[in-house]
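Asker: got a predicted structure here, sequence first:
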Amino acid sequence: MKKYNFNAGPSILPREVIEKTAQQILDFNGSGLSLAEISHRAKDFQPVVDEAVALIKELLQVPEGYSVIFLGGGASLEFCMVPYNFLIKKAAYLNTGTWAKKAMKEAKLFGEVVEVASSADANYTFIPKGWTCPDDVDYLHITTNNTIYGTEIRKDLDVNARLIADMSSDIFSRPIDVAKYDCIYGGAQKNLAMAGVTLVILKDDVLGKAPRPIPTMLDYRTHVEKGSMFNTPPVVPIYSALETLRWLKANGGVEAMDKLAQKRAEIVYGEIDRNKLFRGTVTDEADRSLMNICFVMNDEYKELEKPFLEFATSKGMVGIKGHRSVGGFRASCYNAQTIEGVEALVACMKEFEAKA
(Lines give C-alpha, C1' and ligand atoms only; values in the text may rest on other atoms or scores of the structure.)
Protein backbone atom coordinates (compact mmCIF):
# COMPACT_ATOMS: atom_id res chain seq x y z
CA MET A 1 0.00 0.00 0.00
CA LYS A 2 1.30 3.42 -0.93
CA LYS A 3 1.87 5.80 1.96
CA TYR A 4 1.18 9.55 1.83
CA ASN A 5 3.24 11.62 4.27
CA PHE A 6 1.30 14.50 5.86
CA ASN A 7 3.58 14.89 8.88
CA ALA A 8 4.06 18.46 10.10
CA GLY A 9 7.79 18.10 10.68
CA PRO A 10 10.08 16.37 10.23
CA SER A 11 8.14 15.93 7.05
CA ILE A 12 7.97 14.92 3.43
CA LEU A 13 10.97 15.44 1.15
CA PRO A 14 11.12 14.92 -2.62
CA ARG A 15 11.90 11.25 -3.27
CA GLU A 16 14.83 12.08 -5.52
CA VAL A 17 16.36 14.21 -2.76
CA ILE A 18 16.22 11.26 -0.37
CA GLU A 19 17.71 8.91 -2.94
CA LYS A 20 20.54 11.24 -3.99
CA THR A 21 21.41 12.02 -0.37
CA ALA A 22 21.40 8.30 0.41
CA GLN A 23 23.80 7.66 -2.47
CA GLN A 24 26.21 10.27 -1.14
CA ILE A 25 26.00 8.81 2.35
CA LEU A 26 27.28 5.56 0.85
CA ASP A 27 29.99 7.19 -1.29
CA PHE A 28 30.50 10.94 -1.50
CA ASN A 29 31.54 12.07 -4.98
CA GLY A 30 33.33 8.79 -5.64
CA SER A 31 35.75 9.43 -2.78
CA GLY A 32 35.21 6.04 -1.18
CA LEU A 33 34.09 7.82 1.97
CA SER A 34 30.59 8.46 3.26
CA LEU A 35 29.13 11.96 3.30
CA ALA A 36 28.44 11.21 6.97
CA GLU A 37 32.14 10.76 7.73
CA ILE A 38 34.00 13.28 5.58
CA SER A 39 35.57 16.38 7.03
CA HIS A 40 33.66 19.58 6.50
CA ARG A 41 37.04 20.98 5.49
CA ALA A 42 37.32 18.46 2.66
CA LYS A 43 37.83 20.12 -0.72
CA ASP A 44 34.70 18.43 -2.09
CA PHE A 45 32.39 19.79 0.59
CA GLN A 46 32.98 23.54 0.30
CA PRO A 47 31.39 23.53 -3.18
CA VAL A 48 28.26 22.02 -1.59
CA VAL A 49 27.89 25.00 0.74
CA ASP A 50 28.77 27.48 -2.00
CA GLU A 51 26.21 26.08 -4.44
CA ALA A 52 23.50 25.88 -1.77
CA VAL A 53 24.05 29.52 -0.80
CA ALA A 54 24.04 30.59 -4.44
CA LEU A 55 20.78 28.74 -5.10
CA ILE A 56 19.11 30.30 -2.06
CA LYS A 57 20.12 33.76 -3.26
CA GLU A 58 18.88 32.97 -6.77
CA LEU A 59 15.57 31.37 -5.80
CA LEU A 60 14.66 34.06 -3.26
CA GLN A 61 16.28 36.91 -5.22
CA VAL A 62 18.31 37.92 -2.18
CA PRO A 63 19.68 41.44 -2.79
CA GLU A 64 23.24 42.62 -2.29
CA GLY A 65 24.19 43.33 1.31
CA TYR A 66 22.75 40.10 2.72
CA SER A 67 24.52 36.98 3.97
CA VAL A 68 23.20 33.41 3.96
CA ILE A 69 24.45 31.04 6.66
CA PHE A 70 23.75 27.52 7.89
CA LEU A 71 23.58 26.89 11.64
CA GLY A 72 22.53 24.16 14.06
CA GLY A 73 20.03 24.33 16.88
CA GLY A 74 16.83 24.74 14.90
CA ALA A 75 14.53 27.74 15.02
CA SER A 76 14.39 27.37 18.80
CA LEU A 77 18.00 28.55 19.08
CA GLU A 78 17.17 31.51 16.83
CA PHE A 79 14.52 32.56 19.37
CA CYS A 80 17.52 33.37 21.57
CA MET A 81 20.04 34.48 18.93
CA VAL A 82 17.72 37.08 17.41
CA PRO A 83 17.34 39.19 20.56
CA TYR A 84 20.95 38.51 21.57
CA ASN A 85 22.09 40.15 18.33
CA PHE A 86 19.32 42.66 17.58
CA LEU A 87 17.48 43.72 20.75
CA ILE A 88 18.95 46.93 22.15
CA LYS A 89 16.13 48.22 24.36
CA LYS A 90 12.72 47.12 23.12
CA ALA A 91 11.32 44.64 20.60
CA ALA A 92 7.82 44.02 19.25
CA TYR A 93 6.32 40.58 18.66
CA LEU A 94 3.14 39.48 16.91
CA ASN A 95 1.78 36.55 18.91
CA THR A 96 0.16 34.13 16.47
CA GLY A 97 0.86 30.78 18.07
CA THR A 98 3.04 28.48 20.14
CA TRP A 99 6.30 29.27 18.33
CA ALA A 100 5.75 33.02 18.39
CA LYS A 101 5.05 32.76 22.12
CA LYS A 102 8.26 30.79 22.67
CA ALA A 103 10.23 33.41 20.73
CA MET A 104 8.75 36.16 22.92
CA LYS A 105 9.73 34.29 26.07
CA GLU A 106 13.39 34.20 24.99
CA ALA A 107 13.42 37.85 23.97
CA LYS A 108 12.30 38.93 27.43
CA LEU A 109 15.68 37.82 28.74
CA PHE A 110 17.35 40.63 26.79
CA GLY A 111 15.05 43.64 27.04
CA GLU A 112 11.50 44.93 26.95
CA VAL A 113 9.06 43.03 24.74
CA VAL A 114 5.87 44.56 23.39
CA GLU A 115 3.14 42.22 22.20
CA VAL A 116 1.57 44.20 19.36
CA ALA A 117 -1.36 41.81 19.01
CA SER A 118 -2.42 38.27 19.88
CA SER A 119 -5.08 35.75 18.98
CA ALA A 120 -4.31 33.59 22.03
CA ASP A 121 -7.75 34.19 23.57
CA ALA A 122 -9.30 32.56 20.48
CA ASN A 123 -6.83 29.66 20.52
CA TYR A 124 -4.88 31.28 17.68
CA THR A 125 -7.60 30.60 15.11
CA PHE A 126 -6.87 33.79 13.15
CA ILE A 127 -4.11 36.29 12.39
CA PRO A 128 -4.71 39.54 14.33
CA LYS A 129 -5.66 42.53 12.20
CA GLY A 130 -5.65 46.29 12.70
CA TRP A 131 -2.61 46.46 14.98
CA THR A 132 0.20 48.98 14.77
CA CYS A 133 3.89 48.64 15.49
CA PRO A 134 5.44 51.15 17.93
CA ASP A 135 7.93 53.57 16.42
CA ASP A 136 10.55 53.06 19.11
CA VAL A 137 11.22 49.32 18.84
CA ASP A 138 14.43 47.77 17.59
CA TYR A 139 12.56 45.25 15.47
CA LEU A 140 9.23 43.53 14.88
CA HIS A 141 9.23 39.73 14.94
CA ILE A 142 6.61 37.64 13.13
CA THR A 143 6.03 33.94 12.58
CA THR A 144 4.77 33.64 9.02
CA ASN A 145 3.22 30.17 9.26
CA ASN A 146 1.80 28.51 12.36
CA THR A 147 2.06 24.76 12.00
CA ILE A 148 -0.06 23.87 15.01
CA TYR A 149 -3.04 26.14 14.36
CA GLY A 150 -3.03 26.31 10.56
CA THR A 151 -2.75 30.07 10.02
CA GLU A 152 -0.35 31.85 7.70
CA ILE A 153 0.75 35.38 6.80
CA ARG A 154 1.11 35.12 3.03
CA LYS A 155 2.36 38.60 2.30
CA ASP A 156 5.36 40.72 3.20
CA LEU A 157 4.29 43.28 5.80
CA ASP A 158 4.98 46.98 5.44
CA VAL A 159 5.94 48.19 8.92
CA ASN A 160 7.80 51.11 10.44
CA ALA A 161 10.42 48.89 12.06
CA ARG A 162 13.11 46.41 11.18
CA LEU A 163 11.34 43.18 10.31
CA ILE A 164 12.47 39.73 11.45
CA ALA A 165 10.62 36.57 10.45
CA ASP A 166 10.56 32.95 11.47
CA MET A 167 9.76 31.26 8.14
CA SER A 168 10.56 27.72 9.26
CA SER A 169 7.50 26.12 7.73
CA ASP A 170 6.70 28.16 4.62
CA ILE A 171 9.98 29.48 3.22
CA PHE A 172 10.41 28.60 -0.48
CA SER A 173 6.65 28.11 -0.83
CA ARG A 174 6.04 31.58 -2.29
CA PRO A 175 8.01 34.58 -3.54
CA ILE A 176 9.12 36.99 -0.81
CA ASP A 177 10.69 40.42 -0.89
CA VAL A 178 13.82 39.76 1.14
CA ALA A 179 14.69 43.45 1.12
CA LYS A 180 11.83 44.09 3.56
CA TYR A 181 13.50 41.92 6.21
CA ASP A 182 16.61 42.34 8.32
CA CYS A 183 16.63 38.68 9.27
CA ILE A 184 14.79 35.60 8.01
CA TYR A 185 15.37 32.25 9.67
CA GLY A 186 13.98 28.77 9.51
CA GLY A 187 14.64 25.35 10.95
CA ALA A 188 14.95 22.99 7.99
CA GLN A 189 12.40 20.25 8.50
CA LYS A 190 9.82 21.27 5.91
CA ASN A 191 10.65 22.87 2.55
CA LEU A 192 14.45 22.89 2.69
CA ALA A 193 16.08 19.77 4.10
CA MET A 194 16.08 16.97 6.61
CA ALA A 195 16.13 18.13 10.23
CA GLY A 196 19.43 19.30 11.65
CA VAL A 197 20.26 22.52 9.85
CA THR A 198 18.91 26.05 10.20
CA LEU A 199 18.90 28.63 7.43
CA VAL A 200 19.49 32.29 8.35
CA ILE A 201 19.42 35.22 5.92
CA LEU A 202 20.88 38.39 7.42
CA LYS A 203 21.20 42.01 6.37
CA ASP A 204 24.87 42.69 6.93
CA ASP A 205 24.69 46.30 8.12
CA VAL A 206 22.47 45.49 11.11
CA LEU A 207 25.02 43.21 12.76
CA GLY A 208 27.22 44.29 15.65
CA LYS A 209 24.85 46.86 17.13
CA ALA A 210 23.84 45.02 20.32
CA PRO A 211 25.06 46.70 23.53
CA ARG A 212 26.25 43.46 25.10
CA PRO A 213 29.06 40.94 24.78
CA ILE A 214 27.79 37.96 22.78
CA PRO A 215 29.23 34.46 23.18
CA THR A 216 31.18 33.54 20.07
CA MET A 217 28.85 30.80 18.88
CA LEU A 218 25.77 33.00 19.35
CA ASP A 219 27.15 35.98 17.44
CA TYR A 220 25.89 36.00 13.86
CA ARG A 221 29.07 37.77 12.78
CA THR A 222 31.10 34.68 13.70
CA HIS A 223 29.25 32.54 11.18
CA VAL A 224 29.01 35.19 8.48
CA GLU A 225 32.77 35.78 8.65
CA LYS A 226 33.54 32.06 8.52
CA GLY A 227 30.97 31.17 5.87
CA SER A 228 29.10 28.75 8.17
CA MET A 229 32.41 26.94 8.83
CA PHE A 230 33.40 28.30 12.25
CA ASN A 231 32.72 24.88 13.74
CA THR A 232 31.64 21.57 12.22
CA PRO A 233 28.37 22.23 10.42
CA PRO A 234 25.61 19.61 9.96
CA VAL A 235 27.13 18.16 6.79
CA VAL A 236 24.43 15.68 5.74
CA PRO A 237 21.47 18.06 6.25
CA ILE A 238 23.30 20.77 4.28
CA TYR A 239 23.81 18.35 1.43
CA SER A 240 20.13 17.38 1.52
CA ALA A 241 19.35 21.11 1.40
CA LEU A 242 21.48 21.41 -1.74
CA GLU A 243 19.59 18.58 -3.43
CA THR A 244 16.25 20.11 -2.37
CA LEU A 245 17.28 23.47 -3.81
CA ARG A 246 18.32 21.82 -7.06
CA TRP A 247 14.95 20.05 -7.16
CA LEU A 248 13.17 23.31 -6.41
CA LYS A 249 14.93 25.15 -9.25
CA ALA A 250 14.30 22.30 -11.70
CA ASN A 251 10.60 22.35 -10.84
CA GLY A 252 10.01 26.05 -11.49
CA GLY A 253 11.23 27.74 -8.31
CA VAL A 254 9.13 29.48 -5.69
CA GLU A 255 6.65 30.81 -8.23
CA ALA A 256 5.75 27.26 -9.25
CA MET A 257 5.64 26.14 -5.62
CA ASP A 258 3.21 28.97 -4.85
CA LYS A 259 0.84 27.84 -7.61
CA LEU A 260 1.09 24.22 -6.50
CA ALA A 261 0.42 25.17 -2.87
CA GLN A 262 -2.71 27.05 -3.85
CA LYS A 263 -3.92 24.13 -5.96
CA ARG A 264 -3.36 21.61 -3.16
CA ALA A 265 -5.10 23.85 -0.64
CA GLU A 266 -8.06 24.42 -2.95
CA ILE A 267 -8.55 20.66 -3.21
CA VAL A 268 -8.34 19.93 0.52
CA TYR A 269 -10.16 22.99 1.86
CA GLY A 270 -12.83 22.46 -0.78
CA GLU A 271 -13.53 19.01 0.59
CA ILE A 272 -13.44 20.19 4.21
CA ASP A 273 -16.04 22.85 3.41
CA ARG A 274 -18.20 20.42 1.44
CA ASN A 275 -18.05 17.35 3.68
CA LYS A 276 -20.74 17.23 6.35
CA LEU A 277 -18.39 15.53 8.82
CA PHE A 278 -15.66 18.16 8.97
CA ARG A 279 -15.00 21.85 9.48
CA GLY A 280 -11.87 23.97 9.30
CA THR A 281 -10.45 25.43 12.50
CA VAL A 282 -9.31 28.82 11.13
CA THR A 283 -12.11 31.37 11.51
CA ASP A 284 -11.00 33.75 8.75
CA GLU A 285 -10.54 31.95 5.44
CA ALA A 286 -7.99 34.57 4.38
CA ASP A 287 -5.72 33.33 7.21
CA ARG A 288 -5.84 29.67 6.19
CA SER A 289 -2.39 28.16 5.87
CA LEU A 290 -1.47 26.52 2.59
CA MET A 291 1.20 24.50 4.38
CA ASN A 292 -0.72 23.07 7.36
CA ILE A 293 -4.40 22.43 6.76
CA CYS A 294 -6.13 21.95 10.10
CA PHE A 295 -9.66 20.60 10.56
CA VAL A 296 -11.86 18.82 13.08
CA MET A 297 -15.04 16.80 13.16
CA ASN A 298 -18.24 18.81 13.31
CA ASP A 299 -19.68 18.68 16.82
CA GLU A 300 -22.46 16.25 15.91
CA TYR A 301 -19.89 13.78 14.56
CA LYS A 302 -17.28 14.20 17.27
CA GLU A 303 -17.43 10.52 18.19
CA LEU A 304 -16.14 9.66 14.71
CA GLU A 305 -12.75 11.32 15.22
CA LYS A 306 -10.91 8.18 16.28
CA PRO A 307 -12.63 5.93 13.71
CA PHE A 308 -11.74 8.38 10.91
CA LEU A 309 -8.11 8.52 12.01
CA GLU A 310 -7.97 4.72 12.01
CA PHE A 311 -9.70 4.57 8.61
CA ALA A 312 -7.37 7.15 7.08
CA THR A 313 -4.35 5.34 8.46
CA SER A 314 -5.58 2.11 6.91
CA LYS A 315 -5.73 3.92 3.57
CA GLY A 316 -2.09 5.00 3.78
CA MET A 317 -2.49 8.51 5.23
CA VAL A 318 0.44 9.16 7.56
CA GLY A 319 0.71 11.97 10.11
CA ILE A 320 -2.75 13.55 9.78
CA LYS A 321 -3.47 13.56 13.50
CA GLY A 322 -3.68 17.14 14.78
CA HIS A 323 -1.22 18.53 17.30
CA ARG A 324 -1.91 17.29 20.81
CA SER A 325 -2.73 20.84 21.97
CA VAL A 326 -5.61 21.28 19.49
CA GLY A 327 -6.70 17.78 18.47
CA GLY A 328 -8.50 17.01 15.25
CA PHE A 329 -6.53 16.58 12.06
CA ARG A 330 -3.75 18.28 10.16
CA ALA A 331 -2.72 17.69 6.57
CA SER A 332 0.68 19.24 6.07
CA CYS A 333 1.21 20.12 2.42
CA TYR A 334 4.78 21.25 1.99
CA ASN A 335 6.45 21.68 -1.39
CA ALA A 336 7.12 17.98 -1.89
CA GLN A 337 3.49 17.00 -1.28
CA THR A 338 1.88 15.88 -4.52
CA ILE A 339 -1.53 16.49 -6.02
CA GLU A 340 -1.91 12.72 -5.95
CA GLY A 341 -1.39 12.81 -2.20
CA VAL A 342 -4.06 15.41 -1.47
CA GLU A 343 -6.49 13.74 -3.87
CA ALA A 344 -5.96 10.47 -2.02
CA LEU A 345 -6.77 12.22 1.25
CA VAL A 346 -9.92 13.76 -0.22
CA ALA A 347 -11.02 10.38 -1.58
CA CYS A 348 -10.51 8.94 1.88
CA MET A 349 -12.67 11.69 3.44
CA LYS A 350 -15.42 11.10 0.91
CA GLU A 351 -15.39 7.36 1.41
CA PHE A 352 -15.59 7.73 5.18
CA GLU A 353 -18.48 10.19 4.83
CA ALA A 354 -20.38 7.66 2.72
CA LYS A 355 -19.93 5.05 5.46
CA ALA A 356 -20.94 7.37 8.31
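Answerer: In hand now; what should we look at?
Asker: list of residues touching stretch 218-228?
Answerer: For stretch 218-228, contacts defined as C-beta atoms under 8 Å, 6 or more residues apart in numbering pick out 49, 67, 69-71, 80-81, 84-85, 200, 202, 204, 207-208, 216, 230, 238. C-beta here means a position set from N, CA and C on the backbone, and glycine is covered the same way.
Asker: just the buried ones from those residues?
Answerer: Buried by 16 or more other C-beta atoms under 10 Å: 49, 67, 69-71, 80-81, 84-85, 200, 202, 207, 230, 238, out of these.
Asker: which one of those sits closest to residue 23?
Answerer: Taking C-beta to C-beta as the measure, residue 23 lies nearest residue 238 of the buried ones among the contacts of stretch 218-228, at 15.9 Å.
Asker: assumed that closest one was part of a strand.
Answerer: No. Judged by DSSP: H, G, I helix; E, B strand; the rest coil, residue 238 forms no part of a strand; its state is helix.
Asker: closest one of the buried ones among the contacts of stretch 218-228 to residue 298?
Answerer: Lowest distance from residue 298 to the buried ones among the contacts of stretch 218-228 (C-beta to C-beta) belongs to residue 80, with 41.2 Å.
Asker: now do that closest one against residue 308, distance only.
Answerer: Residue 80 sits 40 Å away from residue 308, going by C-beta to C-beta, to the nearest Å.
Asker: among the contacts of stretch 218-228, name the ones in helices.
Answerer: Assigned to helices by DSSP state H, the following of these qualify: 49, 80, 81, 84, 85, 238.
Asker: can you redo the residues you listed as JSON lines with distance to residue 340?
Answerer: Shown next, in JSON lines, are these (distance: C-beta to C-beta, whole Å):
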{"residue": "49", "distance to residue 340": "34"}
{"residue": "80", "distance to residue 340": "40"}
{"residue": "81", "distance to residue 340": "39"}
{"residue": "84", "distance to residue 340": "44"}
{"residue": "85", "distance to residue 340": "43"}
{"residue": "238", "distance to residue 340": "30"}
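Asker: from the residues you listed, which is closest to residue 35?
Answerer: Of the ones in helices among the contacts of stretch 218-228, the one sitting nearest to residue 35 (C-beta to C-beta) turns out to be residue 238, at 9.8 Å.
Asker: from residue 282, how far off is that closest one?
Answerer: For residue 238, the distance to residue 282 equals 34 Å [C-beta to C-beta].
Asker: got the phi and psi for residue 59?
Answerer: Here is the backbone geometry of residue 59 (degrees, to the nearest 10): phi -70, psi -40.
Asker: show me the contacts for it.
Answerer: Residues counted as contacts of residue 59 (C-beta under 8 Å, 6+ apart) are 172, 245, 248, 249, 253, 254.
Asker: could you flag which of those are buried?
Answerer: By neighbour count, with 16+ other C-beta under 10 Å, the contacts of residue 59 hold 172, 245, 248, 253, 254 as buried.
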